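S.K.: Next one to model:
(one chain, ligands or ions: 3)
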Amino acid sequence: MLKELTVNFSNLLLSLSDAVDLANAEIAAHQMRTAFITWQLCKVGRVPVDRMNLLYMAALLHDIGALSMEEKERLHAFGRIDLEIHCVLGQALFELSPQFAPAAGIVRFHHRPWQEWDAPLDRSEVFGAQLLLLADLVERLIDRKTYILLQVDRIKKEVLAVSGTDIHPEIVDLFMQVVHREDFWFDLTSPRLYSLLLHSGPHRLTEIGSSDVFSIASLFRHIVDFKSPFTATHSTGVAECAVLLARKFGLTDSEIVQMEIAGYFHDLGKLAIPNAILEKPGSLTRDQFAVIRQHTYFTYSVLNTIGGLDQIARWAAFHHERLDGSGYPFHIGADRLDIGARIMTVADLFTAVAEDRPYRKGLERDKIAKILVSQANRNGIDRRIATLLLDHFDEISAQVREKQARCRTMFEEKFQGRV
Ligand SMILES: [Fe+2]
Ligand SMILES: [Fe+2]
Ligand SMILES: [Fe+2]
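M.R.: Ligands and ions are numbered 1, 2, ... in the order given. Model prediction:
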């Protein structure tokens, strides 16, 4: 019997923020650094704690609406890109989770220039969006290859140049109160920023339980899946299938909740995989497959560093391992793959082969059964679970499909075509 989850909210936010920015070295920690600037400016502006916490949370995940890695790179490089899209999608994603919904309006307008606002700065959404706009700008103005203190004059000049046009002078003034402090720049660019924020930043004392972790995981499945129409409902299907198998196998209620959370998070590491590979029509080259192999490693490292989610991290991240040790990337075998991990592997395999892919249609029952039986025969997956799935095939696949269909409708209404 498993106990109720207890997770530090700051650690969860930081780790997920980090996961979104894993894409490449140029943008690594972009949101975390933007959040640091936001926090520091809130402190000099004596922003009340509740508002500061909300703004910090918005900053940590402000670009989640930029769903592909490619779009994130373009945003960061001040590329010619429609800035509205990731703001609109970011707002829609924030609204899906009760914890993040109060910050949705700030995310929606984090690229709106001051001149386009028809509202006073003291309205909290305007103030938040303007502060985030400045923090995001400062972070992107940093050239990561040049020593930070040699850039301060240039960054200051560029910020002053947009005072009164893009950014309200009072917000610029907050920045001017920290710009001379070397420690501000050293902290901002420190490789130890994660631990600094974890130990001194907002939310450091907030603990959350299963239901909050559940709703955040539920949001993150969409951030991962909506990268591509082909995978748009994948984690939804995997989680549902894993829950049904876990229930039939006799796992406890709290284990089943953890199974659903693990299903939502299982492909979290795909945030770091380029869409060019995820959506490639046809089989992958050896080099491309080598890139894919990273995704479950990232899933594990992101979840495992949060603390309190060890079981979920294993269940989520071991879905490409095989009982005979032939899976990847940990190459662990039967002795270290517990029942939860085994269920997730079968759930992932079933859901993947039943779904359409760029290079093939979803498979029918007979072909799926063949794959499951041959995997069980060669000691890749657990025979008991494969049998359980095949014995209840119609019921399980109907329920998985129904959940996926509902999620597909939401994806098509709000997200598809704008990615
Ligand atoms: Fe942005
Ligand atoms: Fe940004
Ligand atoms: Fe996977």
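S.K.: Could you look up the SS state of the nearest residue to residue 72 once chain neighbours are set aside?
M.R.: Closest residue to residue 72 apart from its sequence neighbours, by CB to CB, 6 or more residues apart in numbering: residue 66 at 4.7 Å. (Each C-beta comes from the backbone N, C-alpha and C, glycine too.) The three-state label given to residue 66 by DSSP: H, G, I helix; E, B strand; the rest coil is coil.
S.K.: wait, doesn't residue 66 sit right on residue 75?
M.R.: Yes. Between residue 66 and residue 75 a contact is recorded at 5.6 Å, counting by CB atoms under 8 Å.
S.K.: Can you get me a residue count around residue 46?
M.R.: Using other CB atoms under 10 Å as the criterion, residue 46 is surrounded by 8 other residues.
S.K.: can you tell me how far the residue nearest to residue 72 sits from ligand 2?
M.R.: 8 Å (CB to the ion, to the nearest Å).
S.K.: Next, show the common contact partners of residue 66 and residue 75.
M.R.: residue 86 (CB atoms under 8 Å, 6 or more residues apart in numbering).
S.K.: Give me the more crowded residue out of these two.
M.R.: The residue with more neighbours, out of residue 66 and residue 75, is residue 66; 25 against 20, by other CB under 10 Å.
S.K.: Contact partners for residue 352?
M.R.: Applying CB under 8 Å, 6+ apart, the residues near residue 352 are residue 234.
S.K.: Could you do residue 209 as well?
M.R.: Residue 209 makes contact with 4-7, according to CB under 8 Å, 6+ apart.
S.K.: Looking at it now. What's its pLDDT?
M.R.: Residue 209 carries a pLDDT value of 95.
S.K.: Begin at 51, not 1, for the rest of this chat.
M.R.: Done: numbering now begins at 51, and the last item shifts to residue 259.
S.K.: Residue 447 touches residue 404, doesn't it?
M.R.: Yes. Using CB under 8 Å, residue 447 is in contact with residue 404, at 6.6 Å.
S.K.: State which helix of the protein is the longest.
M.R.: helix 443-464 (DSSP state H).
S.K.: Counting neighbours, what do you get for the residue of the stretch 301-450 of the chain found nearest ligand 2?
M.R.: With CB to the ion, the shortest gap between the stretch 301-450 of the chain and ligand 2 falls at residue 321, namely 15.1 Å. Neighbourhood size, residue 321 [other CB under 10 Å]: 26.
S.K.: Around ligand 2, which positions in the chain sit nearby?
M.R.: With CB under 5 Å from the ion as the criterion, the chain comes near ligand 2 at residues 113, 186.
S.K.: Show me the chain divided up by domain.
M.R.: Per automatic domain parsing, the structural domains of the chain span 57-257, 260-464.
S.K.: The longest one spans what distance, first to last residue?
M.R.: Terminal residues of domain 260-464 are spaced 28 Å apart (CA to CA, to the nearest Å).
S.K.: re earlier: what are the contacting residues of the longest helix of the chain?
M.R.: 139, 142, 272, 276, 279, 282-283, 286-287, 290-291, 294-295, 400-401, 404, 415, 418-419, 439.
S.K.: what does stretch 426-433 give?
M.R.: 372-374, 376-377, 384, 389, 392-393, 395-396, 399, 422, 425, 436-437.
S.K.: Got a ChimeraX select line for the buried ones in the residues you listed?
M.R.: Applying 16 or more other CB atoms under 10 Å to those, the buried members can be selected in ChimeraX as follows:
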select :372,373,377,389,392,393,395,396,399,422,425,436
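S.K.: Narrow the contacts of stretch 426-433 to those in helices?
M.R.: In helices, defined here by DSSP H, the members of these are 389, 392-393, 395-396, 399, 422, 425, 436-437.
S.K.: Would you format those residues as TSV with pLDDT and distance to residue 87 included?
M.R.: Output for the ones in helices among the contacts of stretch 426-433, formatted as TSV (pLDDT from 0 to 100; distance: CB to CB, whole Å):
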residue	pLDDT	distance to residue 87
389	98	45
392	98	45
393	98	43
395	98	42
396	98	45
399	97	44
422	97	51
425	97	49
436	98	51
437	97	55
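S.K.: Distance to residue 327 added to these, as JSON lines?
M.R.: Converted to JSON lines, these look like this (distance: CB to CB, whole Å):
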{"residue": "389", "distance to residue 327": "32"}
{"residue": "392", "distance to residue 327": "27"}
{"residue": "393", "distance to residue 327": "27"}
{"residue": "395", "distance to residue 327": "22"}
{"residue": "396", "distance to residue 327": "25"}
{"residue": "399", "distance to residue 327": "20"}
{"residue": "422", "distance to residue 327": "26"}
{"residue": "425", "distance to residue 327": "24"}
{"residue": "436", "distance to residue 327": "29"}
{"residue": "437", "distance to residue 327": "34"}
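S.K.: What is the nearest of the residues you listed to residue 339?
M.R.: residue 399 (16.8 Å; CB to CB).
S.K.: Surely that closest one and residue 419 touch.
M.R.: No. Contact criterion CB under 8 Å: residue 399 and residue 419 do not qualify, at 11.9 Å.
S.K.: And the helices in the stretch 51-200 of the chain?
M.R.: According to DSSP state H, counting those that start in this stretch, the stretch 51-200 of the chain carries its helices in the segments 59-70, 80-94, 99-110, 119-126, 133-144, 154-158, 174-191.
S.K.: which one of those has the lowest average pLDDT?
M.R.: Lowest mean pLDDT within the helices of the stretch 51-200 of the chain: helix 119-126, at a mean of 81.
S.K.: got the angle between that helix and helix 133-144?
M.R.: 120 degrees (axes from the mean of the first three to the mean of the last three CA atoms, to 10 degrees).
S.K.: so helix 119-126 versus helix 174-191, what angle?
M.R.: Using the same axes, to 10 degrees: helix 119-126 against helix 174-191 is 90 degrees.
S.K.: any residues touching helix 119-126, and which ones?
M.R.: With CB under 8 Å, 6+ apart, helix 119-126 has contacts from 71, 73-74, 76-77, 80, 113, 116, 129, 131, 133, 135-136, 190, 321-326.
S.K.: ok, now with 7 Å
M.R.: Applying CB atoms under 7 Å, 6 or more residues apart in numbering, the contact partners of helix 119-126 are 73-74, 76-77, 80, 113, 116, 131, 136, 190, 324-325.
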